[in-house]
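Q: no sequence on this one, just coordinates:
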């Protein structure tokens, strides 16, 4: 990364405030950006947004469409957040687009995420030929900068408790925020809503004159003939192998396929690409010190539950968890869940950003850990040296942590 790129990132990360979508919509108009609403797809939810987005992107590209994708957070490099037909924006294009955007909006105070949203929009609108634009909501929905785009298609992945300090306590408040992405006349693809959120969803459906399509549980099976499980989804009596692991990956794939079917009726001839979908730090296997380790950036209890489901289908004697969490996460529940996994060993560490420091854990939480070190690499080294060939090593608790490990050991 060049010096100018570093200056840009430093600027956008300290400059600005949170603007409302109505204000950001005006900024898009000032930039001359106006995507047709039927070409814009917004994905909200608690878990599975990124997997759903990248799977839908893969399917659309396979069918010959040009696709822009805006996601967050990034794992190694910020360019990952802005992809055209699966390729990250280059530093050169990022710098050029930033200058264009900043020249128009320099008198307005945008947050870092809002700047990234505007950069992505400008790049896709003026430098790419776009058939579909997929936007992953950064946080919540109602006030997220992605909600500034006129859009027709909405996707709501599974809802759970996360970011309650911002979105409000309880599933009703979270659902209200997530469903705030739905505009008049919208098409909505969604998981079954939690019972507490159903009245709200029905109210929004009526008020917005929206069409809701509930995506039911997928038909799938797991091949456990080897040490690592393989997941297959069944669609119209045909089985398709997935590259991603876990029931949640199957569910997210099922949602992406439903949206793809709506956009591309002759969809089945493209479904074989599901085995090529790659999404980093989602039970991603990498090598370190001659051993296989798995990076799984699950950062809330719902994500940890998904991780534990995957591990139930692995073969191992013991498992070493290298875990660090952010200060705004439910670390107590996450640590408790991982500690209950059979033959588990906890290696407690810190994350490179927004970390919950070691001295902020309670005495009982610290007593759960077999090894404690603020340095993630030291914690990983301990796990690798202590584990045997038949054991598993899993880094989890935060995408910041898994991203740091991925960048450090490559």
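A: Thanks, I have it. Predicted model, so just to flag it, every value in this text is computed and none were measured.
Q: For stretch 400-410, the averaged confidence score.
A: For stretch 400-410, mean pLDDT rounds to 90.
Q: no, scratch that, I was asking about stretch 18-25
A: On average, stretch 18-25 scores 84.
Q: Pull out the buried positions in it.
A: 19, 21, 24-25 (16 or more other Cβ atoms under 10 Å). To be clear about C-beta, it is placed using only N, CA and C from the backbone, and glycine gets the same treatment.
Q: pLDDT weak spots in this structure?
A: Counting by pLDDT under 70, the chain has low-confidence residues at 1, 15-17, 160-171.
Q: Try it again at 80.
A: Applying pLDDT under 80 to the chain picks out residues 1, 14-19, 46-47, 139-141, 159-173, 176, 410.
Q: That one: helices as residue ranges?
A: 3-14, 21-30, 49-62, 91-105, 112-127, 164-167, 170-178, 198-207, 247-263, 301-311, 331-339, 363-367, 376-386, 399-409 (DSSP state H).
Q: what does stretch 373-386 contact?
A: 288-289, 291, 293, 320-322, 324, 345, 347-352, 357-358, 371, 393, 395, 401, 404-405, 408-409 (Cβ atoms under 8 Å, 6 or more residues apart in numbering).
Q: quick one: contacts for the one residue sitting closest to the centre of the chain?
A: By Cα atoms, centre = their mean, the mean C-alpha position of the chain lies nearest to residue 50, the distance being 3.4 Å. By Cβ under 8 Å, 6+ apart, the residues touching residue 50 are 71, 136, 279, 282.
Q: For the residues you listed, which single residue is the most surrounded?
A: For the contacts of residue 50, counting by other Cβ atoms under 10 Å, the largest number of neighbours falls to residue 282: 29 neighbours.
Q: Okay, and the beta partners of that residue?
A: For residue 282, the beta-bridge partners are residue 296 (DSSP bridges).
Q: List the contacts of it.
A: Counted by Cβ under 8 Å, 6+ apart, residue 282 has contacts 50-51, 244-245, 249, 296-297.
Q: Name the nearest of these relative to residue 106.
A: Using Cβ to Cβ, residue 50 is the member of the contacts of residue 282 that lies nearest residue 106, at 31.1 Å.
Q: Show the buried residues in the contacts of stretch 373-386.
A: For these, buried by 16+ other Cβ under 10 Å: 288, 291, 293, 320-322, 324, 345, 347-351, 371, 393, 395, 401, 404-405.
Q: Give me the subset of those lying in strands.
A: Per DSSP state E, strands hold the following members of those: 288, 291, 293, 320-322, 345, 347-348, 371, 393, 395.
Q: JSON lines for those residues, including distance to residue 147?
A: As requested, these are arranged in JSON lines below (distance: Cβ to Cβ, whole Å):
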{"residue": "288", "distance to residue 147": "40"}
{"residue": "291", "distance to residue 147": "44"}
{"residue": "293", "distance to residue 147": "37"}
{"residue": "320", "distance to residue 147": "41"}
{"residue": "321", "distance to residue 147": "36"}
{"residue": "322", "distance to residue 147": "36"}
{"residue": "345", "distance to residue 147": "43"}
{"residue": "347", "distance to residue 147": "39"}
{"residue": "348", "distance to residue 147": "37"}
{"residue": "371", "distance to residue 147": "43"}
{"residue": "393", "distance to residue 147": "39"}
{"residue": "395", "distance to residue 147": "33"}
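Q: Pick the one among these closest to residue 230.
A: residue 293 (19.3 Å).
Q: How about that closest one: what's its closest non-neighbour residue?
A: residue 393 (4.4 Å; Cβ to Cβ, 6 or more residues apart in numbering).
Q: quick one, what contacts the one you found?
A: Taking Cβ under 8 Å, 6+ apart as the test, what residue 393 contacts is 291-294, 319-320, 322, 380, 383-384, 387.
Q: hey, what's it bridged with?
A: What pairs with residue 393, by the bridge criterion (DSSP bridges), is residue 320.
Q: start at 32 instead
A: With 32 as the first residue, the last one maps to residue 424.
Q: how near is it to residue 318?
A: 11 Å (Cβ to Cβ, to the nearest Å).
Q: Please enumerate the shared neighbours of these two.
A: Common neighbours of residue 424 and residue 318 (Cβ under 8 Å, 6+ apart) are residue 324.
Q: Report how many residues lie close to residue 398.
A: 9.
Q: any idea how far it is from residue 216?
A: From residue 398 over to residue 216 (counting by Cβ to Cβ), the distance is 55 Å.
Q: residues touching residue 109, list them.
A: Residue 109 touches 40, 125, 147, counting by Cβ under 8 Å, 6+ apart.
Q: Lovely, talk soon.
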